[in-house]
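Undergrad: Pasting the sequence and the predicted model now:
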Amino acid sequence: MKWPAMRYIRAYHLDELWAALSEHGPAAQIMAGGQTLLATLAFRLSEPGVLVDITRIAELRGITVTGKTLRIGALTRHVELGRDALVQEHAPLLTEAVPLIAHLAIRNRGTIGGSLAYADPAAELPACIVALDATVVAASAQGERRIPAAAFFTDLLQTALRPDEIIAAVEVPITARVSAIREVARRSGDYAMAGLAATLRLEAGRVVSPRLVYFGVGNGPVLAARANAALEGRMLDANSIAAAQAALSQDLDPPQDLHGPPEMKRHLARVLTGRVLGGFLPATEMAA
Ligand SMILES: Cc1cc2nc3c(=O)[nH]c(=O)nc-3n(C[C@H](O)[C@H](O)[C@H](O)COP(=O)(O)OP(=O)(O)OC[C@H]3O[C@@H](n4cnc5c(N)ncnc54)[C@H](O)[C@@H]3O)c2cc1C
């Protein structure tokens, strides 16, 4: 199908965006990379009266480090995220996640802000920012407010953004940690059937502040509280990994979806847990 008829406005500055949103209210929908939005328009899943293109707003661009915070502008495209040296140095989990997102053509235009706002439960970046304990910077004509990533994803395709707000940036705390992301997908570039983004600190072999975050297994990224508790303070070894895998049965309640039944997803989550945590072990223990 063709897109519905609509007006098109290109905003060059935040002030122009606020003016357009104020004038058109709920009829206005903002567009970033357009990779999801344009498909939903073609399917007539949404029919905005006015499309507001934000891609030229310089205030939403850029990747910077200030003190102990890495700030990533909402318009950062997936390809830019994947090759940025500051991201590689301070949040390599994001660098590792980018090749798992869709295909190169989509990564060329899709943005981190669009991915987080769309809040697909099988998407990689929402899970990564929860694992990194990041903060979403929401902006409106009234100013900015900060939302912890773990509170940002509220339900299936739902976020804590208010109707007059946009995502301006993501702020990642810079801290020593190990991280990894793994997923199972039917084909390279497909959304994950199940995935795991994880961060933790290892202090003399003991696990500190683990954040195992599963995707593709719920209505949004799932921060696995019981599996994390099963790991906290313990030596990272086969026993603690098995304890985390066992605890997952209480953390995850996957819905049946196109990929298969809940038990299949639980199984995949346990396998991914073993792979990710096993990857943090010294090579000698991996071989044992
Ligand atoms: C075939 C296909 C396969 C894909 N596979 C994957 C995959 O495997 N993994 C994955 O993670 N993603 C995947 N994606 C999604 C893609 O990576 C983009 O992240 C996604 O399209 C959203 O980014 P965008 O910039 O294109 O947003 P848009 O399509 O422009 O917008 C998406 C939604 O977010 C809103 N929005 C955009 N920017 C903001 C903002 N700054 N503040 C508030 N709201 C905003 C828009 O109004 C719209 O509702 C896939 C997409 C396609 C088409």
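TA: Perfect, I can see it now.

Undergrad: Compute the distance between the nearest residue to R201 once chain neighbours are set aside and the ligand, please.
TA: In this structure, R201 finds its nearest non-sequential neighbour in V208, 4.1 Å apart by C-beta to C-beta, 6 or more residues apart in numbering. C-beta: built from backbone N, CA, C; applies to glycine. Distance of V208 to the ligand, computed by C-beta to the nearest ligand atom, to the nearest Å: 29 Å.

Undergrad: same thing with L281?
TA: L281 is 28 Å from the ligand, where distance means C-beta to the nearest ligand atom.

Undergrad: That residue belongs to a strand?
TA: No - the assignment for L281 by DSSP: H, G, I helix; E, B strand; the rest coil gives coil, which leaves it out of any strand.

Undergrad: now the helices: where do they sit in the chain?
TA: Using DSSP state H, the helices of the chain run over 14-24, 37-42, 78-83, 85-90, 92-97, 104-109, 112-118, 124-131, 149-152, 225-231, 238-251, 262-279, 283-287.

Undergrad: T135: neighbour count?
TA: 21 (other C-beta atoms under 10 Å).

Undergrad: Ok, N219 next?
TA: Count around N219 with other C-beta under 10 Å applied: 16.

Undergrad: List the residues that contact it.
TA: Each residue near N219 by C-beta atoms under 8 Å, 6 or more residues apart in numbering is listed here: P121, D155, L156, P255.

Undergrad: These in strands, which ones?
TA: Per DSSP state E, strands hold the following members of these: D155.

Undergrad: List just the nearest of the contacts of N219 to M6.
TA: Lowest distance from M6 to the contacts of N219 (C-beta to C-beta) belongs to L156, with 25.6 Å.

Undergrad: Quick check: phi and psi at the closest residue to that closest one other than its chain neighbours.
TA: Using C-beta to C-beta, 6+ apart and skipping residues adjacent in sequence, the residue nearest L156 is N219, 4.2 Å away. N219 has phi and psi values of phi -90, psi 0 when expressed as degrees, to the nearest 10.
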